[in-house]
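S.K.: show me the folded form of this:
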Amino acid sequence: MVRRMSFVACLLARCIHVRSVFDSSSVSFADLNHFPHTFYFTVTPHAPLLDSYPHVKAWWERLMARPSMKKLGATMAAAAGANKP
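M.R.: Residues are numbered from 1 along each chain as shown. Below you'll find the model as predicted:
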């Protein structure tokens, strides 16, 4: 799982670095597409892997700073019984 997530994070970091679709003032379809997978990954013991990808980590922090995404994350955590990241 860590190997796959590392690969996905690497690809996501390249997309974030090259395209501004992840760096918008509004939530994009790309953000919504990656949100669930990243959210659930952040509640695993492997979450520190994101530290190796500063562009991905910055995107995640910007996204989680939005009230709508905090609310979605809380709903997902409650539904899954997961801890809040």
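
S.K.: I figured residue 69 hits residue 26, correct?
M.R.: No: assessed by C-beta atoms under 8 Å, residue 69 is found out of contact with residue 26, at 11.6 Å. Heads up, the C-betas are built off the backbone N, CA and C, glycines and all.

S.K.: which one of the two has more residues nearby?
M.R.: Neighbours were counted for residue 69 and for residue 26 using other C-beta atoms under 10 Å; residue 69 has more, 18 against 6.

S.K.: what number of residues lie near the closest residue in space to the more buried one that isn't next to it in sequence?
M.R.: Setting aside the residues directly before and after it, residue 69 is nearest to residue 63 in space (C-beta to C-beta, 6 or more residues apart in numbering), at 5.2 Å. The number of residues packed near residue 63 is 22, by other C-beta under 10 Å.

S.K.: can you name the next helix or strand after the host helix or strand of residue 63?
M.R.: Here residue 63 sits within helix 54-64, counting by DSSP states H and E. The helix or strand immediately downstream of helix 54-64 is helix 67-80, counting by DSSP H and E.
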